[in-house]
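Asks: Sequence first, predicted model second:
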Amino acid sequence: MGFDSLLNRLARHFADALAEVSGRPVAPAQALLRPAGDPKFGDYQCNAAMTLAKELRAKPRDVAERIVTAVAPALAAAGITVAFEIAGPGFINLRLADEFLARLLSTVPPSPAAPPETITGRAYDPGSASFDRFGIDPVTHPRRIVVEYSQPNIAKQMHVGHLRSTIIGDMFARVLWFQGHTVIRQNHIGDWGTQFGILIRWYREHPLPTPASDHDVLAEIEGDYRAAQARFTEDATFADEARRAVTALQSGDPQARELWEMICKVSLDAVGVLYAQLGVLLRADDPQEVRGESFYNDRLAPLIAELRRTLPAPTVEPHSRGAPWAEVRDDQGAVCVFLYDADGTPQFKNPDGEILPLIIQKSDGAYLYATTDLAAVRYRIQELRFPGGVGAERIIYVTDARQKLHFDMWRATAHAAGWITPEVSIEHVTFGTVLGPDRKPLKTRAGGNVKLRELLDEAVARALRLLDERAAGGDESAALPADERQLVAHRIGIGAVKYADLSRDRNGDYVFNWDTMLALQGNTAPYMLYAYARIRSIYRRALAEAGNVDPYAPGTTLMLADVAERALALHLARLPDAIETVASDLLPHTLCGYLYDLAGHFMRFYESCPVLQAEAPLRASRLRLCDLTARALRLGLGLLGIPVVERM
């Protein structure tokens, strides 16, 4: 019995039982098994009897009894001890035996001696011997996965609009990596095109910025670009020279390329500083992880030639093709992809109801974002080299919802071209907007974008003030040495920003509120970090009062006599399910909800069940529950990209 997904194990056994009762194959997902919403209905509930009763033309309760008769021996043989109850019209309620829960949690090995922050830094390696996997095995069939996220702009400072993509995408990369998949993180950046011609032309008659720090250099370059763009709009001669500068850059002109490389380096250096402050896994100095549009430039003309060959006008009636299809043709000088359903109906229409094509080359020969995105997906599926294989099997794009139409159109084109096969999944993960108090997109008082660097600095400063206020109020736990206080403030502040984002349904907007995200109560990072630090303090007290305490010592038995003990144990047993749900559904808030509930279960356990005052056998059992909870919190927060603190 390993510590894997309990829900999946139960669902597989119920699927086999349903197949026996129905006489046909049943997939585990069709078992309709889920955690019970109320403890009075047991731990899990199967609702398949009602659906199956219609098929068998039998009473639902009779079908439920047949299912129980079929599944009970299989569960017993697998060592899963369960009590059944058939309720209402045919609901099957399951309650796991306390002894089974205790045995299941006893399979979680002691934690390796690894520093807690290894999960959040660049050293994050779930395959290393020092990594605490909580007894959760990697997946049996790992996939090759690309996660594209963050997407900052060259020659511009990162702002609050980049926050959600960066945080959400990084969390997905961590979870999938933890599961054992081969994950390549990629940052698709705009480092090619007219804007660089504008800057190259500008710096022919203006000095290059050389302030003291890369952040300041980038700020000056951004200001220069705004001025150059205004001149590009107003001065036809300047605009023509800027276009020629683009041609020079694309033709390999040494001076143009040197300036372009300097602008890219300054931009990516500044991005790297912010990535380090945020604690994300993306590395701005890794060419494997930064894939600019320039990387795909040489692939664009061959790509259009390939699409012309593979997507010609149909030679048969549309309805006889049996699947959506596309054709490439010139329209007013531009190269366009026209996409149709199987019956010849346009897949995409403009507001006037006319067919909306995907333009992949303008009449002046220029390429568009869609062209580069098509080149990128083709490269990732057919050419990108992973350790152990070539080509991605799953690609996840994390961008805001406004890009949905663009994404749907180029994905449909890639499908029609045959690049996306049934073995490859392409997923667009969208998210809402960060709002200000006025419920409009968060801006500065002057109406500009909030710079990400300033926002993160403010988060750390506010967290430091919070610690200072607690220490001044007599809270000895907050009276930390100066260097440790700064580290704790950084983790609380950055963690608060991340958790406030990840704990909400990514599809919705949210209002950015410092007081809410830094609160020590509620579903916030400070509350979660405090819960972890509180458990660690129990261990320090145990060591001080009883010497070396090992709750994993041979012979230690978990005891779940109290209701609060059992509730905590059951929730701990569901950790693999929470991680697996995020990996499949790509909804970060489900893991945050799990961790918040875990902290709540622990607080109720701690209030109801004395730990250090308990007698020796019970004390060791409860200390193990404490340690398992701390480790689950550390792992879960680490998958969110939030390092824990030992004291707070």
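Replies: That came through fine.

Asks: got the contact list for the residue nearest the centre of the chain?
Replies: For the chain, the residue lying nearest the average C-alpha position, counting by CA atoms, centre = their mean, turns out to be residue 172 (2.7 Å). With contact set as CB atoms under 8 Å, 6 or more residues apart in numbering, residue 172 has these partners: 147, 149, 396, 398, 429, 582, 586, 588. For every residue, glycine as well, the C-beta is placed using N, CA and C.

Asks: So what's the residue count around the residue nearest to residue 324 when sequence neighbours are not counted?
Replies: Take residue 324 and drop its neighbours on the chain: the residue closest to it by CB to CB, 6 or more residues apart in numbering is residue 341, 5.4 Å away. Residue crowding around residue 341 was assessed by other CB atoms under 10 Å; the count is 14.

Asks: on that earlier part again, what about the residue nearest to the centre of the chain, is that helix, strand or coil?
Replies: State at residue 172, reduced to three classes by DSSP: H, G, I helix; E, B strand; the rest coil: helix.

Asks: cool, and residue 423?
Replies: Under three-state DSSP, the three-state class of residue 423 is coil.

Asks: Equivalent analysis for the one 3 residues further on, please.
Replies: Secondary structure state of residue 426, per three-state DSSP, is strand.

Asks: I'd say it and residue 410 touch.
Replies: No: the pair formed by residue 426 and residue 410 falls short of the contact definition of CB atoms under 8 Å, at 9.8 Å.

Asks: Quickly list what's touching both of those two.
Replies: A shared contact of residue 426 and residue 410, defined by CB under 8 Å, 6+ apart, is any residue touching both; here these are residue 377.

Asks: Comparing these two, which residue is more hemmed in?
Replies: Neighbour totals were compared for residue 426 and residue 410, and residue 410 leads with 24 against 20 (other CB under 10 Å).

Asks: between the contacts of residue 172, which is closest to residue 95?
Replies: In terms of CB to CB, no member of the contacts of residue 172 lies closer to residue 95 than residue 582, at 26.6 Å.

Asks: quick one, what contacts that closest one?
Replies: Contact partners of residue 582, counting by CB under 8 Å, 6+ apart, are 171, 172, 175, 588, 590, 591, 639.

Asks: so the last one makes contact with residue 174?
Replies: So that's residue 639. Yes: with contact defined as CB under 8 Å, residue 639 counts as touching residue 174 (4.9 Å).

Asks: Is the residue lying farthest from the centre of the chain within a helix or a strand, and which one?
Replies: Computed with CA atoms, centre = their mean, the maximum C-alpha offset from the centroid of the chain is found at residue 237, amounting to 46.8 Å. When elements are assigned from DSSP states H and E, residue 237 belongs to helix 236-250.

Asks: From the contact counts, what lies against that helix?
Replies: For helix 236-250, the packing partners by 3 or more CB pairs under 8 Å, 6 or more residues apart in numbering; DSSP states H and E come out as helix 194-202, helix 214-234, helix 254-278.

Asks: next one: that helix to chain centre, how far?
Replies: 40 Å (CA atoms, centre = their mean, to the nearest Å).

Asks: those helices in the stretch 301-450 of the chain, which residues are they?
Replies: For the stretch 301-450 of the chain, applying DSSP state H, counting those that start in this stretch gives helices covering 369-382, 404-416.

Asks: elements contacting the shortest one?
Replies: What it means is helix 404-416. Packed against helix 404-416, as judged by 3+ CB pairs under 8 Å, 6+ apart, are the following elements: strand 325-331, strand 334-340, strand 358-361, helix 369-382, strand 425-429.

Asks: what's the first one in contact with?
Replies: Put plainly, it is strand 325-331. For strand 325-331, with CB under 8 Å, 6+ apart as the criterion, the contacting residues are 304, 307-308, 311-314, 318, 335-340, 342, 357, 360, 412-413, 416-417.

Asks: Filter the residues you listed down to the buried ones.
Replies: Neighbour-count burial (16 or more other CB atoms under 10 Å) applied to the contacts of strand 325-331 gives 304, 307, 311, 335-340, 357, 360, 412-413, 416-417.

Asks: Sort these by pLDDT and name the bottom one.
Replies: When these are compared on pLDDT, residue 311 comes out lowest, with 90.

Asks: show me the contacts for the residue nearest to residue 636 when sequence neighbours are not counted.
Replies: Distance criterion CB to CB, 6+ apart; nearest residue to residue 636, sequence neighbours excluded, is residue 595 at 4.5 Å. Applying CB under 8 Å, 6+ apart, we find residue 595 in contact with 528, 632, 633, 636, 637.

Asks: okay if I get those as JSON lines plus distance to residue 505 and secondary structure?
Replies: What follows is the contacts of residue 595, written out as JSON lines (distance: CB to CB, whole Å; DSSP: H, G, I helix; E, B strand; the rest coil):
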{"residue": "528", "distance to residue 505": "18", "secondary structure": "helix"}
{"residue": "632", "distance to residue 505": "23", "secondary structure": "helix"}
{"residue": "633", "distance to residue 505": "22", "secondary structure": "helix"}
{"residue": "636", "distance to residue 505": "18", "secondary structure": "helix"}
{"residue": "637", "distance to residue 505": "19", "secondary structure": "helix"}
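
Asks: what's the most distant pair in those residues?
Replies: Across the contacts of residue 595, the longest distance by CB to CB is 11.3 Å; it joins 528 and 632.

Asks: before we move on, the earlier item: could you tell me which of the contacts of residue 172 belong to strands?
Replies: 147, 396, 398, 429 (DSSP state E).

Asks: which one of these is nearest residue 224?
Replies: With CB to CB as the yardstick, the closest approach to residue 224 among the ones in strands among the contacts of residue 172 comes from residue 398, at 30.2 Å.

Asks: And that closest one, how close does it get to residue 200?
Replies: 31 Å (CB to CB, to the nearest Å).
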